[in-house]
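Enquirer: Fold the following, please.
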Amino acid sequence: MIDRHCALVMASVAMTWIPVAWAQQAPPPAHTAAPPEEPATASSATAVKRDLFTETAHLKNDLMRYMYLREVMPQLTRDDRLIDQQLLATVEDELGLYDEAMNDFPFDNRVQTPVPLPAATDWVPADAATEIAKLATDRHIVMINEAHHDAHTRELTLALLPKLRAEGFTYFAAEALVNSDTDLMKRGYPIASSGSEYLHEPIYGQIIREAIRLGFKVVAYESDADVLADREAGQAQLIYRQVFKNDPKAKLFVHAGYAHIDKAIGNLGKTIKPMAMQLKQLSGFDPLSIDQTRWRDIGPMPKKDLYNQLIAAFPVERPSVLLSRQNGSVWASDPDRHDVDVILPPSGHQRRPHWLGLDDTRQTRVISSEICQRQLPCVVEARYANESDDAIPADRYVFLTDNSMNSLYLWPGEYKITAHDRDDRKVSERHITVNKPGS
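Expert: Just a heads-up that it's a prediction; the model follows:
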């Protein structure tokens, strides 16, 4: 299920920064009719606290969960919305509605550590994957984080996999995986039951698929502890037991969420030791910690916003780091917790965000709502032709209205394109081939 701990931590931070205009505005309008029961307004004295994590747990597919959340959002109190907007945005992210996810949950965790911005006279941008691979040469642990509702924070992990494999890294640990999928490595690709709903998002699925293809031993390390402090300790212990206990000189690449990769106390509370900090103590290796959740596009913000100022000074076009013009060191805005800060470029959009091209490795294929056979809403999914029907798609998109069109982003290969309605009934299927450029 969705990570309730992360949602609660982010909500507590969000309460300290979200602009009043955004926090008090009505929630996004539902795309469908309201549910049968009489909705309660956010200001109603009879408004009841909702637990949408529990309410959506039994729903059988992501589209059904998405529509349910859109329908009930107007019933929520203001404080509940601060948590549940993240849940909605995460489901939108999983369904390929990337711009919508950013608009519905513009979470900004940069304010936790205000810093002076670097000047272009002192720093120069460089490709993040290339520079991080250089820094990883003598390291045994590399950790990178993500914003769970922003798949743009998964692009760099995908680019780093082959580079770190070339540097001798042989283990890859992903927070979204569960240990119950014992056939994952043999199968070669993740399925819907391989992990939490985060894994349903196509880029996350491709990360796991690519790690297996490159020869990494893929490790699941999620703890089932209910208390946040116990969860951090449980994650560190699981990684240690599965990797370093029997392979003390192992080289490990970890993909985690937000503050799990912090090397000092603070972002999770005044006393809670983050997973990275505890893994360092257990293994004896200082992780190379890479933050990419702070300097990213979170949607419309004023020009004085720190990210907008940074992008104006360093107009990067791909995930980038800043190198000192004086000594070549890499910029970190919070060096006690992270060794590297990554700057993600603005999303841009041509129907969907520009970054989905993944540095021009994927091609677009136009789709229209006709594929839904007038069974709207419907989710359109592209799966590799040689994978099962429950494989994580290579890309997916949701049509909510008729007479509309959009694009799928696909690597060269053979694909099965399917459309399913809200009740998971298949309404159409077709096969396509995406050729390599120039072939």
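Enquirer: Okay, strands next: where are they in the chain?
Expert: For the chain, the strands defined by DSSP state E cover 123-127, 141-146, 171-174, 217-220, 252-257, 288-295, 320-324, 340-343, 363-368, 378-384, 395-399, 405-410, 413-421, 426-434.
Enquirer: closest one to residue 94 among those?
Expert: Of all the strands of the chain, it is strand 395-399 that lies closest to residue 94, at 8.2 Å by C-beta to C-beta. All C-beta spots, glycine's among them, are computed from the backbone N, C-alpha and C.
Enquirer: how far is that closest one from where the chain is centred?
Expert: Relative to its parent chain, strand 395-399 has a centroid offset of 17 Å by C-alpha atoms, centre = their mean, to the nearest Å.
Enquirer: Can you spell out which helices and strands pack onto that strand?
Expert: Strand 395-399 is packed against strand 378-384, strand 405-410, with contacts defined by 3 or more C-beta pairs under 8 Å, 6 or more residues apart in numbering; DSSP states H and E.
Enquirer: need the strands of the chain in TSV with mean neighbour count, distance to residue 210 and mean pLDDT, can you?
Expert: Below are the strands of the chain laid out as TSV (neighbours: other C-beta atoms under 10 Å; distance: least, C-beta to C-beta, whole Å; pLDDT from 0 to 100):
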stretch	mean neighbour count	distance to residue 210	mean pLDDT
strand 123-127	17	18	98
strand 141-146	26	14	98
strand 171-174	24	9	98
strand 217-220	18	10	98
strand 252-257	26	12	98
strand 288-295	25	18	96
strand 320-324	21	21	98
strand 340-343	24	19	98
strand 363-368	15	18	97
strand 378-384	23	13	98
strand 395-399	23	15	98
strand 405-410	19	15	98
strand 413-421	19	13	98
strand 426-434	13	17	98
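Enquirer: Turn those into JSON lines, columns for distance to residue 195.
Expert: What follows is those, written out as JSON lines (distance: least, C-beta to C-beta, whole Å):
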{"stretch": "strand 123-127", "distance to residue 195": "29"}
{"stretch": "strand 141-146", "distance to residue 195": "14"}
{"stretch": "strand 171-174", "distance to residue 195": "7"}
{"stretch": "strand 217-220", "distance to residue 195": "7"}
{"stretch": "strand 252-257", "distance to residue 195": "12"}
{"stretch": "strand 288-295", "distance to residue 195": "20"}
{"stretch": "strand 320-324", "distance to residue 195": "29"}
{"stretch": "strand 340-343", "distance to residue 195": "24"}
{"stretch": "strand 363-368", "distance to residue 195": "27"}
{"stretch": "strand 378-384", "distance to residue 195": "17"}
{"stretch": "strand 395-399", "distance to residue 195": "16"}
{"stretch": "strand 405-410", "distance to residue 195": "22"}
{"stretch": "strand 413-421", "distance to residue 195": "21"}
{"stretch": "strand 426-434", "distance to residue 195": "24"}
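Enquirer: What residue spans form the domains of the chain?
Expert: What automatic domain parsing lists as the domains of the chain is 4-107, 123-343, 362-434.
Enquirer: for those domains, which one sits closest to residue 114?
Expert: With C-beta to C-beta as the measure, domain 123-343 is the member of the domains of the chain nearest residue 114 (8.2 Å).
Enquirer: looking at the chain, which helix or strand does the model trust least?
Expert: The weakest-scoring helix or strand in the chain, judged by mean pLDDT, DSSP states H and E, is helix 20-24 (a mean of 32).
Enquirer: Look up phi and psi at the residue nearest to residue 308 when sequence neighbours are not counted.
Expert: Nearest residue to residue 308, sequence neighbours excluded (C-beta to C-beta, 6 or more residues apart in numbering): residue 301, at 6.1 Å. With angles defined as degrees, to the nearest 10, residue 301 sits at phi -140, psi 160.
Enquirer: Contact partners for residue 301?
Expert: With contact set as C-beta atoms under 8 Å, 6 or more residues apart in numbering, residue 301 has these partners: 106, 108, 307, 308.
Enquirer: For residue 418, state which of these is nearest.
Expert: Nearest to residue 418 among the contacts of residue 301, with distances taken as C-beta to C-beta, is residue 106, at 32.1 Å.
Enquirer: got TSV for the domains of the chain, with distance to residue 349 too?
Expert: Output for those, formatted as TSV (distance: least, C-beta to C-beta, whole Å):
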stretch	distance to residue 349
domain 4-107	6
domain 123-343	11
domain 362-434	11
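Enquirer: Quick check: which of these is nearest to residue 355?
Expert: Of all the domains of the chain, domain 123-343 comes closest under C-beta to C-beta, at 5.4 Å.
Enquirer: Count the residues that sit near residue 79.
Expert: 13 (other C-beta atoms under 10 Å).
Enquirer: how far away is it from residue 273?
Expert: 28 Å (C-beta to C-beta, to the nearest Å).
Enquirer: residues contacting residue 295?
Expert: The contact partners of residue 295, taken as C-beta under 8 Å, 6+ apart, are 110, 307, 310, 333, 341, 342, 343, 344.
Enquirer: and with 10 Å instead?
Expert: By C-beta atoms under 10 Å, 6 or more residues apart in numbering, the contact set of residue 295 is 110, 117, 306-307, 310-311, 314, 316, 319-322, 331, 333, 341-344.
Enquirer: For residue 327, which of the helices and strands packed on strand 395-399 is the nearest?
Expert: Between the helices and strands packed on strand 395-399, strand 405-410 lies closest to residue 327; by C-beta to C-beta that is 38.9 Å.
Enquirer: helices and strands around the closest one, which ones?
Expert: Based on contacts counted as 3 or more C-beta pairs under 10 Å, 6 or more residues apart in numbering; DSSP states H and E, the elements that strand 405-410 packs against are helix 202-214, strand 363-368, strand 378-384, strand 395-399, strand 413-421, strand 426-434.
Enquirer: buried set for the first one?
Expert: For helix 202-214, burial by neighbour count (16 or more other C-beta atoms under 10 Å) applies to 202, 203, 204, 205, 206, 207, 208, 209, 210, 211, 212.
Enquirer: same question for that helix, mean pLDDT?
Expert: When pLDDT is averaged along helix 202-214, the result is 98.
Enquirer: what about the closest residue to residue 340 other than its chain neighbours, distance to residue 156?
Expert: Leaving aside its sequence neighbours, residue 340 sits nearest to residue 290 (C-beta to C-beta, 6+ apart; 4.5 Å). Using C-beta to C-beta, residue 290 is found at 8 Å from residue 156.
Enquirer: what do these two both touch?
Expert: Shared contacts of residue 290 and residue 156 (C-beta under 10 Å, 6+ apart): 128, 132, 144, 342.
Enquirer: List just the nearest of these to residue 65.
Expert: For these, the minimum distance to residue 65 (C-beta to C-beta) is 27.3 Å, reached by residue 144.
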